[in-house]
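Enquirer: Kindly generate the corresponding structure for this input.
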Amino acid sequence: MFASVRHYKGVPDPSRLGQLVQEDFVPILKGHQGFVAYYWVDSGDNEMVSMSVFEQEEDAIASNEEAKAWVVENAADLLPNPPEINEGKVVATG
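Expert: Predicted coordinates:
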């Protein structure tokens, strides 16, 4: 498995964004080949973190491009700053 973690800062309305992500973006990700899991976390102080887990590296990387396009089209006002992105092979799970 392979994971992509995106850290967003300066989110003006985390509650509204969480609802939008749940209703609109999560269904898109679930339709991707190799999808395993997705998490959207409100970490406080107007910061949010997402984690996408896929079976293959190329699917996780593609999810970053999908997320970028989705933000531009649907949530640019709620995510004014580009995310810090970390990707890697999943080496342990629980």
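Enquirer: longest single strand anywhere in the chain?
Expert: If each strand of the chain is counted by residues according to DSSP state E, the longest one is strand 35-44.
Enquirer: and that strand, how far from the chain's centre?
Expert: From the chain centre to the centre of strand 35-44 is a distance of 7 Å (Cα atoms, centre = their mean, to the nearest Å).
Enquirer: Distance check, Val53 against Pro82.
Expert: Distance of Val53 to Pro82, given as Cβ to Cβ, to the nearest Å: 22 Å. All C-beta spots, glycine's among them, are computed from the backbone N, C-alpha and C.
Enquirer: Those two: which has the busier surroundings?
Expert: Neighbour comparison, Val53 and Pro82: the larger count goes to Val53, with 21 against 11 (by other Cβ atoms under 10 Å).
Enquirer: Report pLDDT for the more buried one.
Expert: For Val53, the pLDDT comes out at 96.
Enquirer: quick one, phi psi at it?
Expert: Main-chain dihedrals, Val53, degrees, to the nearest 10: phi -120, psi 130.
Enquirer: Does it touch Asp59 like I think?
Expert: No - Val53 is not in contact with Asp59 according to Cβ atoms under 8 Å; the separation is 9.6 Å.
Enquirer: Stretch 84-94 - what's its average pLDDT?
Expert: 94.
Enquirer: shaky segments in the chain?
Expert: In the predicted model of the chain, no residue satisfies pLDDT under 70.
Enquirer: Please, where are all the strands along it?
Expert: 2-9, 35-44, 47-54, 84-89.
Enquirer: for those, which one sits closest to Asp77?
Expert: Closest approach to Asp77 among the strands of the chain (Cβ to Cβ): strand 2-9, 13.0 Å.
Enquirer: Check which helices and strands the closest one sits against.
Expert: strand 47-54, helix 57-70, strand 84-89 (3 or more Cβ pairs under 8 Å, 6 or more residues apart in numbering; DSSP states H and E).
Enquirer: related to what we said a few turns ago, CA atoms only for the longest strand of the chain - export them in CSV, please.
Expert: Extracted in CSV, the C-alpha atoms of strand 35-44 (Å, rounded to 0.1, in the frame of the first residue of the first chain):
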residue,chain,number,x,y,z
PHE,A,35,-8.6,2.9,-3.3
VAL,A,36,-8.2,1.6,0.3
ALA,A,37,-9.1,4.5,2.6
TYR,A,38,-9.4,8.2,3.0
TYR,A,39,-9.3,10.4,6.1
TRP,A,40,-10.0,14.1,6.5
VAL,A,41,-8.9,15.5,9.9
ASP,A,42,-9.5,18.9,11.5
SER,A,43,-6.3,19.3,13.5
GLY,A,44,-7.3,22.7,15.0
